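Q: Predicted coordinates and the sequence they were generated for:
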Amino acid sequence: MADILAVTIAKIIRPQGNRGEVAAEILTDFPERFKQVHQVSLQQEEKPEVKLRLSGFWFHKGRVILKFEGIDSIQAAEGLRGYELRVPREEAVSLPEGDYYHFDLIGCAVKDSTGREYGQVVDVLETGGNTLLSIRHETGEFLVPFVEDFFPRIDVRHKELTASFPEGLTEL
């Protein structure tokens, strides 16, 4: 699995006002990060990447309103509809020890301490305070709570999770 090179922090929904601003859905747990964002990459499937400079932002009704240099009309803003706002991976907010981005966990091989393979993390699910890892192996997928007791060693840099599962957990 390829390394994540960019992190999506917002998705443009529609133009806002008549000066080229756009309303965007916030896709980061750290909205304060917009204070440090300047150069961005806008990406949308099947369309060329657009590089823009963020010149201003403010929050309105649970969304972020963005103003980009050179986008000065409703028509120009309309052309940005549907694009995802991304920043380089190295600009992702540092997390406290023991916290991980979902994209860092997806693709990790899951093995026990003897090297027995359980599969690969294919999804991370948040379920009312619990985080579950969906692990795919040759006979299907199973869900496992992402808790320290089950994962005593986590190495997202090398895409490996060492697991210590209770007997029978992988057969559920």
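A: Thanks, I have it. Just so it is clear, the model here is predicted, and its values are computed rather than measured. Numbering: from 1, shown residues only.

Q: Correct me if wrong: F68 contacts F57.
A: No: taking contacts as Cβ atoms under 8 Å, F68 lies outside contact range of F57: 9.8 Å. Glycine gets a C-beta too; all of them are placed from N, C-alpha and C.

Q: So these two - more neighbours on which side?
A: F68 (23 against 18; other Cβ atoms under 10 Å).

Q: Return the distance of the more buried one relative to Q75.
A: F68 is 14 Å from Q75, where distance means Cβ to Cβ, to the nearest Å.

Q: for D155, same thing?
A: Using Cβ to Cβ, we find D155 at a distance of 49 Å from Q75.

Q: now do L133
A: 45 Å.

Q: Neighbour count: these two, which is higher?
A: More neighbours surround L133 than the other of L133 and Q75, with 26 against 10 (other Cβ under 10 Å).

Q: show me the contacts for the more buried one.
A: Each residue near L133 by Cβ atoms under 8 Å, 6 or more residues apart in numbering is listed here: 105, 110, 121, 123-125, 143-146.

Q: List only buried entries from those residues.
A: By neighbour count, with 16 or more other Cβ atoms under 10 Å, the contacts of L133 hold 105, 110, 121, 124, 144, 146 as buried.

Q: Just the element for the fourth one, please.
A: Under DSSP states H and E, the secondary-structure element containing V124 is strand 117-127.

Q: next one: the second one
A: With the criterion set as DSSP H and E, the secondary-structure element containing V110 is strand 109-111.

Q: Parallel or antiparallel, list what pairs with that strand.
A: Each strand that pairs with strand 109-111, with its direction, by DSSP bridges: strand 117-127 (antiparallel), strand 160-162 (parallel).

Q: As a markdown table, these with distance to G98 would be great.
A: Formatted as a markdown table, these follow (distance: least, Cβ to Cβ, whole Å):
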| stretch | distance to G98 |
| --- | --- |
| strand 117-127 | 15 |
| strand 160-162 | 13 |
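
Q: most tightly surrounded among these?
A: Stretch with highest mean neighbour count among the strands paired with strand 109-111: strand 160-162 (a mean of 18; mean count of other Cβ atoms under 10 Å).

Q: if you average pLDDT over that strand, what comes out?
A: Mean per-residue pLDDT for strand 160-162: 94.

Q: Run the chain-centre distance for that strand.
A: Computed by Cα atoms, centre = their mean, to the nearest Å, the chain-centroid distance of strand 160-162 equals 20 Å.
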